[in-house]
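K.L.:
quick one: sequence and predicted model below, then my questions.
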Amino acid sequence: MNRKPIIGITGAYVKHNDYMEGVYVHHDYHKSVVANGGIPIILPYINPEISLETLGLCDGIILSGGEDVDPKLFNQDPHHQLGPTTPERDLAEIAIVKYALENDIPLLAICRGVQILNVALGGTLIQDISSQVSEPIQHSQKIDRSQDTHWVTISKNSRLFEIVGSNRVRVNSLHHQAIGEVAKDLRIVAQSSDGIVEAVEYNHPTTFTVGVQWHPESMASTNVEMNNLLLEFIKNSAKVMV
Ligand code: MN
């Protein structure tokens with residue numbers, strides 16, 4: 001087969017005004033997927049059943065960034081700093097995670113994506129880093145998303161280390177939530193200096209399953225390490241094409 005791998009990217013909710021609302025993905029996801037040889041499509045979140053049917057079209061899946069995850073999904077009440085949630089999206093993405101892992105579909109989970117990956121597998125979240133973590137570094141950067149602002153330390157025994165070729169890299173940071181208790185089927189492979197979990201991998205990989213708290217898609221055009229993460233994901237998606 002000669003076609004390019006199709007990468008399904010989960011959509012975030014936006015409401016522009018009373019006449020325009022719907023699912024969207026930041027243009028950087030599309031640009032970085034195309035630049036690395038994939039065909040991006042946006043996955044809607046009508047309901048979990050439809051989400052699973054759309055996966056039949058996909059060779060790889062990106063769980064994209066976006067809204068906060070509803071804390072009822074990890075048995076917590078809403079913290080006063082919790083932002084807007086979209087329960088329909090949460091449920092659709094949890095179904096997507098389980099299906100992808102069971103069916104060996106390559107999965108790249110980004111920002112909110114790494115959080116929903118953890119919740120789908122039974123982990124919890126820190127609902128607001130600034131008020132729930134002592135002496136955190138700045139995770140909601142005030143400069144452009146293409147710029148790196150903090151370090152992460154990467155475990156040497158990880159796929160992420162093999163991809164970026166270093167145990168310490170610079171990343172961007174656009175999150176106020178983070179992984180709390182890590183799901184038992186995931187392992188931490190990167191952390192920031194304040195102990196926040198910045199990347200995880202699946203403990204039983206037969207294919208590519210990596211989650212990062214930063215936004216590699218917004219750094220990929222200017223940063224080789226981050227572009228390699230997209231490139232490896234899309235290469236692995238091409239491998240499983242039927
Ligand atoms: Mn961060």
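P.N.:
Arrived safely.

K.L.:
export the strand or helix carrying K235 to CSV, keeping only CA atoms.
P.N.:
Per DSSP states H and E, K235 falls inside helix 224-239. Taking C-alpha atoms only, helix 224-239 is exported to CSV below (Å, rounded to 0.1, in the frame of the first residue of the first chain):
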residue,chain,number,x,y,z
VAL,A,224,14.9,18.5,16.0
GLU,A,225,14.3,16.5,19.3
MET,A,226,10.6,17.4,19.3
ASN,A,227,10.2,16.8,15.6
ASN,A,228,11.8,13.3,16.1
LEU,A,229,9.0,12.5,18.6
LEU,A,230,6.4,13.2,15.9
LEU,A,231,8.5,11.5,13.2
GLU,A,232,8.9,8.3,15.3
PHE,A,233,5.2,8.2,16.1
ILE,A,234,4.2,8.6,12.4
LYS,A,235,6.8,6.0,11.3
ASN,A,236,5.3,3.5,13.8
SER,A,237,1.8,4.4,12.5
ALA,A,238,3.0,3.6,9.0
LYS,A,239,4.3,0.2,10.2
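
K.L.:
quick one: residues in contact with that helix.
P.N.:
4-5, 7, 32-33, 35-38, 59-60, 62, 106, 108, 160, 163-166, 169, 171, 207-208, 210, 212, 216-217, 219-221 (C-beta atoms under 8 Å, 6 or more residues apart in numbering). (Glycine included, C-beta is placed from N, CA and C.)

K.L.:
if we go to 7 Å?
P.N.:
Residues from elsewhere that reach helix 224-239, judged by C-beta atoms under 7 Å, 6 or more residues apart in numbering: 5, 7, 32-33, 36-38, 59-60, 106, 108, 163-164, 166, 169, 207-208, 216-217, 219-220.
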